[in-house]
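Student: Here is a sequence together with a model predicted from it:
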Amino acid sequence: MRNKLAAYFGFAKRAGKLTLGVNAAAALKRCDLLVADAAVGKNSRKEIEKIAARLSCPLVFCEDLGELVARQGCVLAAVREENLAKAVFGLLGGEARNKE
């Protein structure tokens with residue numbers, strides 16, 4: 001599963017459809033999926049949830065996100081391509097907030 005996730009994030013990155021970081025994601029006007037690191041702090045989690053609510057997109061959590069996207073310390077990734085977002089959501093779908 002981790003290899004598939006890393007591959008999907010790599011596809012999105014090469015296509016220019018992956019935004020990394022809380023501040024960069026906060027500046028987005030549209031997003032298909034937010035993926036946050038499960039070890040994120042309480043205040044950062046609140047900020048990420050606000051971003052997800054504003055963009056009205058699903059939010060899922062995963063372990064070691066920085067390792068998957070090849071950027072240490074990264075706590076948020078925004079997938080801006082619908083099919084890749086569905087694929088990642090399908091693998092991580094556990095704790096999620098659906099589109100409203």
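Tutor: Cool, the structure landed. Residues are numbered from 1 along each chain as shown.

Student: if we look at the helix or strand harbouring residue 60, which residues are touching it?
Tutor: Taking DSSP states H and E as the criterion, residue 60 maps to strand 59-62. By C-beta atoms under 8 Å, 6 or more residues apart in numbering, the residues outside strand 59-62 that reach it are 5, 33-38, 40, 48-49, 52, 68, 88-89, 92-97. From N, CA and C alone the C-beta is placed, and that goes for glycine too.

Student: ok, of those residues, which come out buried?
Tutor: 5, 33-37, 40, 48, 52, 68, 88-89, 92 (16 or more other C-beta atoms under 10 Å).

Student: Where do the strands of the chain begin and end?
Tutor: Assigned by DSSP state E, the chain shows strands spanning 18-20, 33-37, 59-62, 76-79, 96-97.

Student: I'd like these as CSV, with distance to residue 11 appended.
Tutor: CSV is the format used below for these (distance: least, C-beta to C-beta, whole Å):
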stretch, distance to residue 11
strand 18-20, 9
strand 33-37, 13
strand 59-62, 16
strand 76-79, 10
strand 96-97, 21
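
Student: Could I get the ones you listed in TSV, plus columns for mean pLDDT and distance to residue 12?
Tutor: Output for the strands of the chain, formatted as TSV (pLDDT from 0 to 100; distance: least, C-beta to C-beta, whole Å):
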stretch	mean pLDDT	distance to residue 12
strand 18-20	97	4
strand 33-37	96	10
strand 59-62	94	14
strand 76-79	97	5
strand 96-97	42	18
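
Student: Brilliant, that's me finished.
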